[in-house]
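Peer 1: Here you go, sequence then predicted model.
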Amino acid sequence: MSSSLEHIAATWDQFYVDVYFTFSALSNFEKLPVSEKLLAPLRKLLEEHTKIATERTELQRRAIEADAICSTADGLLDSLLNACATSILALTDNKRDHELYKKLFSIDHEDVIELGVDGELPVATLIQQLLETDASIPEKLKSDFKVPLLNAIKHANTGIGARSETFAALGRNLARCEAWAESASAAMRIVARHLNAYADSTGLSEHWFGSFFTERVQNQS
């Protein structure tokens, strides 16, 4: 996560504590003339926070699932590509410059495996297509790897697709978090202004006024 995203997440968490603290404090002073007027927007903010947080938790769960699918797909592709290369080398006296090896692996298969699932998927897809269509490839290779590679490729595409969609949705959710934090900041300024005016008009102390806010908010005032 970038530093800017970390800042948004931290701001989101901090403002939730600030808003809920002030909301709870005001809830215990409902007889104040300004209480209900100030509670309503804070209540709306807290309800919106719950919706955003619930969505975020679900998206984070889906992101973990997608990562798990990608991880197992990567492991499966690694295993199949290594086994396929080993079979080819067994057929070609371990010659990597043999036409059959070079046809399926334009670079050493170990290097392909090091690419990870995103990098090796196009290579695996090309190999599977050649196994499907190239008559010069031995039938033993086709029977051993054509279907397993196809299934592994489907598995990888599912994981990569889910990961991409979920990360995009998490980005949109993070934007909602940022917008919520900005709304919370504005709402807290409004609450502070009204409480300060009430304190001034009734002779209540600064300590009374400050008791409605977290120490973090008080220090920023």
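Peer 2: In hand now; what should we look at? Numbering: from 1, shown residues only.

Peer 1: Can you list the low-confidence ranges for the protein?
Peer 2: 1-10, 30, 221 (pLDDT under 70).

Peer 1: so how far is Asp67 from Asp111?
Peer 2: 24 Å (Cβ to Cβ, to the nearest Å). All C-beta atoms are positioned from the backbone trio N, CA, C, and that covers glycine.

Peer 1: Leu204 too?
Peer 2: Distance, Leu204 to Asp67, using Cβ to Cβ: 53 Å.

Peer 1: Same check on Gln220?
Peer 2: Taking Cβ to Cβ, one finds Gln220 at 38 Å from Asp67.

Peer 1: Which one's more surrounded, those two?
Peer 2: Asp67 (14 against 11; other Cβ atoms under 10 Å).

Peer 1: Count the residues that sit near the closest residue to the more buried one other than its chain neighbours.
Peer 2: Among residues not flanking Asp67 along the chain, Arg163 sits closest, at 6.5 Å (Cβ to Cβ, 6 or more residues apart in numbering). Look at Arg163: counted by other Cβ under 10 Å, it has 20 neighbours.

Peer 1: Over to the one 3 residues further on?
Peer 2: By the criterion of other Cβ under 10 Å, Thr166 has 20 neighbours.

Peer 1: Which residues are in contact with it?
Peer 2: With Cβ atoms under 8 Å, 6 or more residues apart in numbering as the criterion, the residues that contact Thr166 are Leu59, Arg62, Ala63, Ala66.

Peer 1: Same question for Met188.
Peer 2: Met188 neighbours (Cβ under 8 Å, 6+ apart): Phe15, Asp18, Val19, Thr22, Phe213, Val217.

Peer 1: quick one: which of the residues you listed is nearest Leu38?
Peer 2: Thr22 (8.3 Å; Cβ to Cβ).

Peer 1: Please identify the helix or strand for Asn94.
Peer 2: Under the assignment given by DSSP states H and E, Asn94 is not contained in any helix or strand.

Peer 1: any idea how far it is from Pro33?
Peer 2: 89 Å.

Peer 1: got it, and Glu55?
Peer 2: As judged by Cβ to Cβ, Glu55 and Pro33 stand 37 Å apart.

Peer 1: Equivalent analysis for Tyr16, please.
Peer 2: Distance of Tyr16 to Pro33, given as Cβ to Cβ: 27 Å.

Peer 1: Likewise for His194?
Peer 2: 10 Å.

Peer 1: Who has more neighbours out of the two?
Peer 2: His194 (16 against 10).

Peer 1: could you list every residue that touches the more buried one?
Peer 2: Here His194 is in contact with Val34, Lys37, Leu38 (Cβ under 8 Å, 6+ apart).

Peer 1: Tell me how many other residues crowd the closest residue to the last one other than its chain neighbours.
Peer 2: Residue nearest to Leu38 in three dimensions, not counting chain neighbours: Val191, with 5.0 Å by Cβ to Cβ, 6+ apart. Here the neighbour count serves as a burial measure; for Val191 (other Cβ under 10 Å) it reads 24.
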